[in-house]
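Student: Build me a model from this:
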Amino acid sequence: MDDLARLAAHHGVADSYRPAEEVTVEVPDATVRAVLALMGVPVDTEEEVRASVDAAERERAERPLPPTVVHWRGEDAPRALAALPPGTRLRVTLEDGAGEVAWDPGLPLGVHRLTVRTPDGRTAGATLIVAPDRAPTAPERAHGLLVQLYSLLSERSWGMGDLGDLAELARWAARTHGADFVQVNPLHAAVPGTPSDPSPYRPSSRRFPDPVHLRIEDVPEYAACPEREALAALAERGGRLRREVLEKGALIDRDAVWELKRAALELLYAVPRSPVREAAWRAFRAGQGEALERHAAWCATAAGEDPRERADFHAWLVWLTDDQLTAAQRAAREAGMAIGVVHDLAVGVHPDGSDALTAPFHARRAAVGAPPDAFNARGQDWGLPPWRPDALERAAYAPFRELLRGVFRYAGALRIDHVMGLFRLWWIPEGTPPARGAYVSYDGEAMLAVLVLEAHRAGAVVVGEDLGTVEPRVRRALARRGILGTSVLWFERDWSGDGEPLAPADWRRDCLATVTTHDLPPTAAKLTGGHVELRDRLGLLTRPLDVERGEDAEDTAGWLGLLDGLGLETKTEEAAVRALYAFLLRTPARLVGVWLPDAVGDRRPQNLPGTWDQYPNWRLPIADGAGRPLTLEALTASPRANALLSAVREGAHPRTAPPGARPL
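Tutor: Numbering: from 1, shown residues only. Got it, this is the predicted structure:
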C-alpha cells in the first residue's frame, strides 16, 4: 500500500469500491487528494503526503484510545477499554456536569468525557457515548398515512397545507380509521429566494423548522392583534391563493404563501405577549442556545436585514413553529395514535443555507451523491455538502445530537433519509464529475449510538430509508439497534433467485412497508402504466416506448397474478389498489403506510426524479383520479378514501374497525 492509500485509509477515504460482488472500481488519486484536502490534510506534494501519513500513524500508535468509545448498555465493556494494559486509570466526566467518576459499565446514559492514564505514563482523552442497546420498539402492528404536507390544503389553508391541517388529518385518521401515525415530508427551514427551491430535501437548516407551515390563526397573539382589518385582508389573499390551486389548477406557490404569512407575522410580532407567553419564549430561546442565535442572524441577513435588529423576530418564528409542531404531535396522540407524527430527516442541507454557513462542520466545496449504477451511468450529484467526519468527532458529535434533539421534540418517530449515510457517503469534490467521487466513512457506531440515545430520551421510533444498495454490515447494525428499515412493494423481489415478487411471509418484520413513495408513481399510475406515458411525454425514456411499456406491464402483471393467487380482488383499479394494501397487511411488517394520494386515485407523482423544470416537483396538491385537486374536507368525505382506509384498519386490527366511516 503506497503512502496516499495509507493516508486515505487513516481518514476513512476509500481508494476503491465494489458496486457489485465481482467488480472493483479504483478511485482516481486526484479525487482522493481532493477529499483529504477538504479535511484539512496537507497533500499537495509527495513530501506532504508522506509527512501526513507518518504523523497520522505516529499519533495512532501513541494514543491508548480511539477518539470515540461507545458502550452499549448491558453489553460487555468496549473492546478499546478491554485492550488497555492492567493498571490503567480511567476517569469519566459526566455529561450533566455532576463531576468525575471512575469508569463503570453502569454509567448513566449520555455523551461523557473519558480520560485514561496508562502505567507507562501515556494519557489520552476520548468521547464516551453510553447508549441503550436498542432504540424504542415500534408496535407489533401499526398502520398510518404518508403525505406531503404542502399538498394537503384545507378550507383554512393559505395556499398550501399547514400544521393546523396536519393536526386535523391526524385526528380524523386516528378517530375514524384507527391510524397510528402520519408521516410527513421534511419540514426543515428552506433557503429564501425568488423563486425558492421547492424541494424539502435541500433545506437551509435541518436543525430548525420552516415558519411557512404555520397556521396564522392559531398563533396566540392573533386574537389580541389590533390590526384586524389588515389580518383579514391577508387571510382573504391567502384564500385566493388556495382557490387558485384548488379551482383553477395553479401550482402551489410557496413564495407567495410566505409573502402573506410573513406580513401577518410582522403584525403579530408587534403584539405584547402575556407574562406566561413571554416566560415561555425566553425559556425556549435560552434552551436552544447559540445554534438558534446563529440561525436567526443568518435568516435576517438572508432577508437583507440587520441581524442585530431582526434576529429576535426570526428566532421568534422558530419558537412559534416549534410550538405548533408540538401541538400537532399532541393532537395526534390525544386522538389515539400509538406513534403520532413521523417526521423526515433530510440527508443534507443546501450549500448556501444556514447550517452550512454558520458552523464549521460541512465540507462546503464538496457534494453528496451516488456512484454510477444500473439506473444512472453518470452517478448522481445531490448538491448537498457533507458533514466532515473529523469535525464531528472533534465536537463529540454535538451537531448531530442537537439536530436530533430538535426534531425529536415534536416527533413520535423519525424517518432517516438515506440512513446509510450514518456509515458512509459518496463525496464529490467541487469540479469533479459524480462518477469520479469517493466513499468517505464515518464512525458508524458512534453515529448510531447518538441516534439510539436521543431516540431513547424522546421515546421515539426510528425508521431508516435503506432502499437501494446497502452494505450487509450496515443492515445488520441497524437491525441490531432497533432501527426499522423501509420496504417498498415494487422493489420486494427474490433477487437471489428468479426476481419474482416476494411472497408476504418472506418480507422482513422490522420495517415500514409501503406500496409507493413520493419519488415513485402513485399506485393508480403504476397499475395503468400512466407513469410510463408521462416519462415519454417529458422525453425521459432511454428506450423505445413500446419496450418500456411492455416491461412495465409485465412487472405489474406479476404482482397482480400474485394477488389473484392469494384470493385478492383486482378486477378494477380501485380494487387492485385495495388488494395491494391488503397484501402489505399479510406481511409481518410492523408498520404499514398508506400513501394518501392512493386513497383518492391520484395519478400524479409529487416528485419525478431526473426532472427540474420539465415537471412541477413538490408543487402539486392532492387530486382525484381525474386530476381535480381535493381539499382535506373533500378527501375525508371521499367514499373511495374511506373504503380503502377502513379496509386497511380491518386488515391491521380485524376486531377494531367500526361499521362505517365519517368525514371531518
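
Student: where are the low-confidence patches of the protein?
Tutor: Low-confidence segments of the chain (pLDDT under 70): 375, 655-664.

Student: domain assignment for it?
Tutor: Structural domains assigned to the chain are 3-62, 68-131, following automatic domain parsing.

Student: quick one: the last one to chain centroid distance?
Tutor: Which is domain 68-131. The chain centre lies 32 Å from the centre of domain 68-131; the measure is CA atoms, centre = their mean, to the nearest Å.

Student: Stretch 529-542 too?
Tutor: Distance of stretch 529-542 from the chain centroid (CA atoms, centre = their mean) equals 28 Å.

Student: Could you do stretch 537-557 as well?
Tutor: That offset, for stretch 537-557, works out to 30 Å (CA atoms, centre = their mean).

Student: In it, which residues are buried?
Tutor: For stretch 537-557, the buried set under the neighbour-count rule, 16 or more other CB atoms under 10 Å, comprises 540, 548, 552, 556. C-beta: built from backbone N, CA, C; applies to glycine.

Student: go on, stretch 570-588?
Tutor: For stretch 570-588, burial by neighbour count (16+ other CB under 10 Å) applies to 570, 574, 576-585, 587.

Student: just these now: which is nearest residue 251?
Tutor: Using CB to CB, residue 577 is the member of these that lies nearest residue 251, at 25.8 Å.

Student: That closest one reaches residue 525, doesn't it?
Tutor: No: the criterion here is CB atoms under 8 Å, and residue 577 misses it with residue 525 at 10.9 Å.

Student: which parts of stretch 629-646 are buried?
Tutor: Neighbour-count burial for stretch 629-646 [16+ other CB under 10 Å]: 629-636, 638, 640-642, 644-646.

Student: Quick one: end-to-end distance for it.
Tutor: Length of stretch 629-646, first residue to last, CA to CA, to the nearest Å: 22 Å.

Student: Measure how far that stretch is from the centre of its chain, please.
Tutor: The answer for stretch 629-646 is 27 Å, by CA atoms, centre = their mean.

Student: Also stretch 400-411?
Tutor: With CA atoms, centre = their mean, you get 12 Å for stretch 400-411.

Student: For that stretch, list the C-alpha coordinates in CSV.
Tutor: What follows is stretch 400-411 as a C-alpha-only set of coordinates in CSV (Å, rounded to 0.1, in the frame of the first residue of the first chain):
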residue,chain,number,x,y,z
PHE,A,400,-25.8,15.6,15.3
ARG,A,401,-27.0,15.4,18.9
GLU,A,402,-28.5,18.9,18.7
LEU,A,403,-30.1,18.2,15.3
LEU,A,404,-31.8,15.0,16.7
ARG,A,405,-33.0,16.7,19.9
GLY,A,406,-34.5,19.5,17.9
VAL,A,407,-36.6,17.1,15.6
PHE,A,408,-37.4,14.6,18.4
ARG,A,409,-39.0,17.5,20.4
TYR,A,410,-42.2,17.0,18.3
ALA,A,411,-41.8,13.6,16.7
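
Student: Contacts made by it with the rest, please.
Tutor: Contacts made with stretch 400-411 from outside it, assessed by CB atoms under 8 Å, 6 or more residues apart in numbering, are listed as 111, 206-208, 288, 291, 322, 325-326, 328-329, 340-343, 345, 387, 392, 414, 447, 450-451, 454-455, 457-458, 460.

Student: got a list of what residue 455 touches?
Tutor: Applying CB under 8 Å, 6+ apart, the residues near residue 455 are 135-136, 404, 408, 414, 461-462.

Student: In helices only, show me those.
Tutor: 404, 408 (DSSP state H).

Student: For residue 54, state which of the contacts of residue 455 is nearest.
Tutor: Within the contacts of residue 455, the smallest distance to residue 54 is 37.3 Å, found for residue 404 (CB to CB).

Student: From residue 129, how far off is the closest one?
Tutor: Distance, residue 404 to residue 129, using CB to CB, to the nearest Å: 13 Å.

Student: With neighbour numbers in mind, choose between those two.
Tutor: More neighbours surround residue 129 than the other of residue 404 and residue 129, with 29 against 26 (other CB atoms under 10 Å).

Student: Who is the more buried one paired with across the strands?
Tutor: residue 70, residue 111 (DSSP bridges).

Student: Against residue 244, how distant is it?
Tutor: 51 Å.

Student: same question, residue 225
Tutor: Taken as CB to CB, the span from residue 225 to residue 244 is 26 Å.

Student: about what we covered before: next step: the contacts of stretch 400-411 restricted to strands.
Tutor: 111, 206-208, 340-343, 345, 414 (DSSP state E).

Student: Quick check: bridge partners of residue 116?
Tutor: residue 90, residue 124.

Student: Verify the contact between it and residue 88 for me.
Tutor: Yes: taking CB under 8 Å as the definition, residue 116 is a contact partner of residue 88 at 5.6 Å.

Student: so what sits against both of those two?
Tutor: Counting by CB under 8 Å, 6+ apart, the common neighbours of residue 116 and residue 88 are residue 64.

Student: Quick check on those two: which one has the bigger neighbour count.
Tutor: Higher neighbour count among residue 116 and residue 88: residue 116, with 21 against 17, using other CB under 10 Å.

Student: who's in contact with the more buried one?
Tutor: Counting by CB under 8 Å, 6+ apart, residue 116 has contacts 64-65, 84, 88-91, 123-126.

Student: repeat that for 10 Å
Tutor: By CB atoms under 10 Å, 6 or more residues apart in numbering, the contact list for residue 116 reads 63-65, 69, 80-81, 84, 88-91, 103, 122-126.

Student: Just the buried subset of those residues, please.
Tutor: 64-65, 69, 80-81, 84, 88, 90, 103, 126.

Student: Let me have these in CSV, extended by distance to residue 489 and secondary structure.
Tutor: Shown next, in CSV, are the buried ones among the contacts of residue 116 (distance: CB to CB, whole Å; DSSP: H, G, I helix; E, B strand; the rest coil):
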residue, distance to residue 489, secondary structure
64, 51, coil
65, 46, coil
69, 41, strand
80, 43, helix
81, 45, helix
84, 50, coil
88, 53, coil
90, 50, strand
103, 48, coil
126, 45, strand
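
Student: Looking at those, which one is closest to residue 420?
Tutor: Nearest member of the buried ones among the contacts of residue 116 to residue 420, counting by CB to CB, is residue 69, at 23.3 Å.

Student: Strands of the stretch 301-450 of the chain, start to end?
Tutor: 340-345, 366-370, 380-384, 413-416, 424-429, 438-441 (DSSP state E, counting those that start in this stretch).

Student: closest to residue 300 out of those strands?
Tutor: strand 380-384 (23.9 Å).

Student: Identify the contacts common to residue 404 and residue 129.
Tutor: Counting by CB under 10 Å, 6+ apart, the residues touching both residue 404 and residue 129 are 397, 450, 453.

Student: check contacts around the second one.
Tutor: For residue 450, the contacting residues are 68, 70, 111, 127, 129, 131, 392, 396-398, 400-401, 403-404, 422, 443, taking CB under 10 Å, 6+ apart as the criterion.

Student: now it: how far from residue 481?
Tutor: Residue 450 sits 11 Å away from residue 481, going by CB to CB.

Student: so what's in contact with the two at the same time?
Tutor: residue 131.
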